[in-house]
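Student: Attaching a predicted model along with its sequence, questions to come.
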Amino acid sequence: MAVRKLDPDQPASFVFKPANLAWAMSLVEKYPPGKQASAVIPLLWRGQEQEGWVTEPMIRTVAGMLDMAEIRVLEVATFYTQFLLSPVGAKAHIQVCGTTPCMLRGAEALKDVCRRRIHPDPHHLSADGSFSWEEVECLGACVNAPMVLIGSDTYEDLSPQSFEQLIDGFAAGRPPEPGPQVKRQLSAPEGGQTTLMDASLFDGSVVGTWKKGFDERIEAAAEAKAKAAAAVPAAAAPAAPPTPKPAEPVRLADTAKPAAAPVPASGPDKGKPVLLAQARGAKGDDLKLIWGVAEKLEQRLNAMGIWHFDQIAAWTPQHVAWFEREMQGFTGRVARDEWIEQCQKLSTGWRPDGTVGARPKG
């Protein structure tokens with residue numbers, strides 16, 4: 001930031017107009033004792049609105065009102081570029097954005113217009129006192145670069161020619177409308193709208209079409225699932241014992257193997273289901289085929305002595321109650337996820353359509 005100094009030519013005094021003084025005093029009263037200095041920026045801003053710029057007498061007046069050292073108020077006024085430290089044009093003070101987007105889009109040409117029409121250097125009045133100018137940092141309309149700020153209004157998408165017309169308008173007392181100086185709305189693309197051109201998107205005619213397609217897909221999937229389930233009984237009861245497939249062994253064949261001795265149940269565990277010390281045939285069923293069972297839960301089931309689908313398929317309500325007591329925090333899950341019904345189907349040799357973990361419901 002360049003060094004900012006007060007203008008060498010200063011007025012003799014400064015006094016807030018009555019309305020501004022009343023506003024200032026009411027603002028100061030809002031701060032707790034000892035914190036009045038927090039009002040320094042709004043007071044300087046109101047003084048600048050009254051005089052057009054921040055003067056040295058204004059700084060001394062504000063310092064006295066807020067019980068601040070004058071150097072503290074001077075530090076604020078010279079730090080923030082929103083405060084103008086020299087007299088400004090009676091009709092317009094033009095702040096030209098010179099930050100990178102505006103610089104790349106022609107801000108230097110706008111500054112050349114200011115040098116030619118107002119003054120070769122910033123912070124000076126034009127010959128008739130109507131205009132002044134300065135270069136400032138980003139003013140926040142980068143997509144509409146280059147642009148200038150006059151008062152509280154921005155004028156965007158400028159060219160040297162349109163900027164000349166802008167100055168002419170202020171000189172004649174007929175400033176143009178703020179905003180883009182080309183044919184576009186705010187920051188929309190030049191030339192008008194380029195997207196969402198289909199009027200039917202906004203007339204309500206397509207509302208809900210996504211749901212109709214979604215429902216149709218759900219219905220089709222349910223119908224296909226029902227047809228597949230209807231074919232399961234015939235496939236699950238062959239005339240001859242099925243031949244186990246290497247990749248997907250039929251678990252019914254395991255029932256012919258000698259079972260390991262069940263863990264005895266007695267005392268308070270009389271509702272305990274049949275548990276096995278080890279899997280039949282040294283190989284348990286893939287319990288992860290039960291919907292809702294993942295690897296860690298399968299390991300817990302094995303540790304309890306539950307290795308096969310037919311064990312769960314034979315559970316009674318007493319068995320389920322015992323199991324949920326043992327698991328803790330598992331109440332209702334067996335019934336909710338239909339473990340018994342799933343395992344009754346899985347124990348026949350039926351498998352979901354090659355998708356491990358899919359829920360085997362009718």
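Tutor: Received the coordinates, thanks. Numbering: from 1, shown residues only.
Student: Show me how far stretch 306-319 is from its chain's centre.
Tutor: 48 Å (C-alpha atoms, centre = their mean, to the nearest Å).
Student: do the same with stretch 121-136
Tutor: 44 Å.
Student: same question, stretch 277-287
Tutor: Centre to centre, stretch against its chain (C-alpha atoms, centre = their mean), the figure for stretch 277-287 is 50 Å.
Student: do stretch 113-120 as well
Tutor: 45 Å.
Student: Next: stretch 141-161.
Tutor: Taking mean C-alpha positions (C-alpha atoms, centre = their mean), stretch 141-161 and its chain are 30 Å apart.
Student: Could you tell me which residues within it count as buried?
Tutor: For stretch 141-161, a neighbour-count test (16 or more other C-beta atoms under 10 Å) marks 141-142, 144-150, 154-158 as buried. All C-beta atoms are positioned from the backbone trio N, CA, C, and that covers glycine.
Student: just stretch 107-115 next, same as before
Tutor: Neighbour count says stretch 107-115 has 107, 110, 111, 113, 114 buried, by 16+ other C-beta under 10 Å.
Student: still on that earlier bit, could I get the buried residues of stretch 141-161 as CSV with distance to residue 228?
Tutor: Output for these, formatted as CSV (distance: C-beta to C-beta, whole Å):
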residue, distance to residue 228
141, 62
142, 59
144, 61
145, 63
146, 67
147, 66
148, 71
149, 70
150, 74
154, 66
155, 69
156, 64
157, 63
158, 69
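Student: end to end, how far does stretch 120-128 reach?
Tutor: Taking C-alpha to C-alpha, to the nearest Å as the measure, stretch 120-128 stretches 15 Å from start to finish.
Student: Kindly report the same for stretch 141-156.
Tutor: By C-alpha to C-alpha, the extent of stretch 141-156 from end to end equals 8 Å.
Student: hmm, who's touching that stretch?
Tutor: 92-97, 99, 101-107, 110, 136, 139, 157-158, 163, 166, 170, 175-176, 178-181, 187 (C-beta atoms under 8 Å, 6 or more residues apart in numbering).
Student: Now do it, average pLDDT.
Tutor: Averaged over stretch 141-156, pLDDT sits at 93.
Student: all strands of this structure, in order?
Tutor: Using DSSP state E, the strands of the chain run over 92-97, 131-136, 148-150, 153-156, 179-180.
Student: Take the ones you listed and lay them out in a markdown table including distance to residue 324.
Tutor: Converted to a markdown table, the strands of the chain look like this (distance: least, C-beta to C-beta, whole Å):
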| stretch | distance to residue 324 |
| --- | --- |
| strand 92-97 | 70 |
| strand 131-136 | 72 |
| strand 148-150 | 71 |
| strand 153-156 | 68 |
| strand 179-180 | 68 |
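Student: returning to what we had before: out of the buried residues of stretch 107-115, the closest to residue 313 would be?
Tutor: residue 107 (79.6 Å; C-beta to C-beta).
Student: My read is that that closest one contacts residue 95, right?
Tutor: No. Contact between residue 107 and residue 95 fails when scored by C-beta atoms under 8 Å: they sit 11.3 Å apart.
Student: Give me the nearest residue to residue 9, chain neighbours excluded.
Tutor: Excluding its sequence neighbours, the residue lying closest to residue 9 (C-beta to C-beta, 6 or more residues apart in numbering) is residue 87, at 7.8 Å.
Student: Now tabulate the buried residues of stretch 107-115 in JSON lines and tack on pLDDT and distance to residue 201.
Tutor: Formatted as JSON lines, the buried residues of stretch 107-115 follow (pLDDT from 0 to 100; distance: C-beta to C-beta, whole Å):
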{"residue": "107", "pLDDT": "95", "distance to residue 201": "39"}
{"residue": "110", "pLDDT": "96", "distance to residue 201": "40"}
{"residue": "111", "pLDDT": "96", "distance to residue 201": "44"}
{"residue": "113", "pLDDT": "96", "distance to residue 201": "43"}
{"residue": "114", "pLDDT": "96", "distance to residue 201": "45"}
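Student: Out of those, the closest to residue 350 would be?
Tutor: residue 107 (74.9 Å).
Student: Next up, phi/psi of the closest residue to the closest one other than its chain neighbours, please.
Tutor: Distance criterion C-beta to C-beta, 6+ apart; nearest residue to residue 107, sequence neighbours excluded, is residue 146 at 4.4 Å. Backbone dihedrals for residue 146, given as degrees, to the nearest 10, come out at phi -80, psi 160.
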